[in-house]
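1. Test case, fold it:
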Amino acid sequence: MKAPTIDYLAFAPILATLGGSLLVIAFALARASFVQRVVLPGLALVSIAVAAAFAVITWETGDQTTIIEGALAVDALALGFSLLVYAAGIGAIALSLRSEIARDAGRGEYYALLLASITGMTILVAAENLVTLFVGFELLSIPLYVMCAAAVRDERSLESGLKYLIVGSVGSATLLYGLAMIYGATGSTDFAGISAAIGTGVDATDPLLLSGIALAITGLAFKASVAPFHQWTPDVYEGAPTPVTAFMAVATKIAAFGVILRLFDDALLSTQLQWGPALAALCWVTIIVGNVGAIGQSSLKRMLAWSGVAQAGYLLAGIVVGTRLGAEAVFFYLAVYLLMNIAAFAVVIARERVSEHGDGLRSLERLGEASPWLAWPMTIAMLGLAGFPLTAGFFGKFQLINATVSGSYESLAIAIVIGSMISLAYYLRVIAVMWMSPREIEIPAAPGRASRKVRPAEGWSPEAGAAAQPEVTAVAVLCAVLVLAIGIFPDPLFDVARDVGSSLAGFL
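-> As a prediction, this is how the structure comes out:
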């Protein structure tokens, strides 16, 4: 037997995060306060920074190749999506610095699990083989199951971890069955072999192949929060520690849509006429269900969870069209979605630490007057998610609409517009609560109860919210500034998105 030849420079980003995870565990054995509070998060940040640097160096060389005997792709798509995951990881570490979750779970274990999940995500978006895809899928999922339940003294956190474990296991099993059927129909686990077999060795309408595709998209839809496989999302997002929720909300979507893009718009592109209409129907359902579900929420985390379901519908539209423009639009929107959501969750974290209302909408009352450094980032994030002009979200939705119209799926463009209009009901409500004078403000009650009118509590104080949490405020402000900057000067991100789209072999 001959050992496979490995390009270690191309493999370096994965080795950096995996090695960083092991280093964090090793240093966690030192119980000194300085090590626990400074060294461990510092090591995690350095690991991600090194991985990102290797990814950029590899991208700059311009060579598209595969490593580990063709199991992993090293191209613009893998590197671009990996950089988004690294950015989400850096944001999660910054938001966790003052969080009790790292202390409760054990700082070494917490940061090691985070790095392990990042490693799984980078493997997933680079997968060129069905076996590698499943390995990456499980490696990103298992650490998140533990992290959701890391607040061991909080029943909601334990419930969140258990729900995510059960639903995630069902999704993993469904995905595995689907991948097995695709292999059985095509006789290959490599994406290139699958693509070559369809139309020559197996017909595009073969029942076994189509069954495998249906089960595969179902398994991946669980991870991406696509309706009707989204039921776990609001409960898990609400119960999980908020820094973990922030990471899950963006990073898992990036990884899930990265692999969906590579699997469906590369390996299975020749069957697009078969799976395209089914995914288009899922787009409509996801957009409507997500936006309508968000309207009645009084918890900001639940609202953002339902919003994330709707955003998954928008992203799925870029997959459906099966074109390079669609792939570019998916990457562009994921990049701006990352910034908008991290900004929003950073404000939620800052407020729930000092407000008696936790993550409730009431925690934002009079925030514009008391702490504009937090109110403005939340305002920009809400406007961006709604797709207002001069924000990055506007160009993201415009690109998706352009891709759907160009791909002859005009109905999906209509769905995006309708969904954006519905979303104004809850995005603008958040802005109103922050900036309106302290008069009567209508706040939705918990599900199943009538809405009520409340007044801000007497003697309300932000308790120096922004000043007391400088790293959280800095994350929120930085992300908000980038949302505005991309909304005014989108060309650099467009160029990156074009590189990502051109890396898929099916479009060449």
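2. what number of residues lie near the residue nearest to residue 216 when sequence neighbours are not counted?
-> Once flanking residues are discounted, residue 216 sits nearest to residue 178: 3.4 Å by C-beta to C-beta, 6 or more residues apart in numbering. Quick note: C-beta positions are derived from backbone N, CA and C, even for glycine. Neighbours of residue 178 under the rule other C-beta atoms under 10 Å: 21.
3. SS state for residue 178?
-> Under DSSP: H, G, I helix; E, B strand; the rest coil, residue 178 falls in the helix class.
4. Enumerate every residue touching it.
-> Listed by C-beta atoms under 8 Å, 6 or more residues apart in numbering, the contact set of residue 178 reads 211-219.
5. and the gap between the most centrally placed residue in the chain and residue 498?
-> Central residue of the chain (C-alpha atoms, centre = their mean): residue 250, 2.3 Å from the mean position. The gap separating residue 250 from residue 498 is 22 Å, by C-beta to C-beta, to the nearest Å.
6. in whichever helix or strand residue 289 is part of, what's buried?
-> For residue 289, the element it lies in under DSSP states H and E is helix 272-295. For helix 272-295, burial by neighbour count (16 or more other C-beta atoms under 10 Å) applies to 272, 274-276, 279-280, 282-294.
7. And the pLDDT at residue 458?
-> Looking at residue 458, its pLDDT is 36.
8. can you check residue 444 too?
-> Looking at residue 444, its pLDDT is 55.
9. And for residue 453?
-> Residue 453 is assigned 42 on the pLDDT scale.
10. give the contact list for the nearest residue to residue 258 once chain neighbours are set aside.
-> Of all residues beyond its chain neighbours, the one nearest residue 258 is residue 125 (3.5 Å), with distances taken as C-beta to C-beta, 6+ apart. Residue 125 makes contact with 77-78, 81-82, 85, 136, 254-255, 258-259, 262 under the criterion C-beta under 8 Å, 6+ apart.
11. repeat that for 7 Å
-> Contacts for residue 125 (C-beta atoms under 7 Å, 6 or more residues apart in numbering) come out as 78, 81-82, 255, 258-259.
12. Let's see which of those end up in strands.
-> Counting by DSSP state E, none of the members of these fall within strands.
13. The residues you listed: which two are farthest apart?
-> By the measure C-beta to C-beta, 82 and 259 form the most distant pair in those, at 12.1 Å.
14. low-scoring stretches of the stretch 351-500 of the chain, by residue?
-> Applying pLDDT under 70 to the stretch 351-500 of the chain flags the ranges 437-468.
15. what are the ranges of the helices in it?
-> Listed in chain order, the helices of the stretch 351-500 of the chain (DSSP state H, counting those that start in this stretch) span 367-370, 372-386, 392-406, 410-435, 465-468, 470-488, 491-502.
16. any chance of the ones you listed in CSV, plus distance to residue 109 and mean neighbour count?
-> Output for those, formatted as CSV (distance: least, C-beta to C-beta, whole Å; neighbours: other C-beta atoms under 10 Å):
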stretch, distance to residue 109, mean neighbour count
helix 367-370, 34, 20
helix 372-386, 30, 25
helix 392-406, 35, 23
helix 410-435, 34, 19
helix 465-468, 27, 17
helix 470-488, 21, 20
helix 491-502, 34, 17
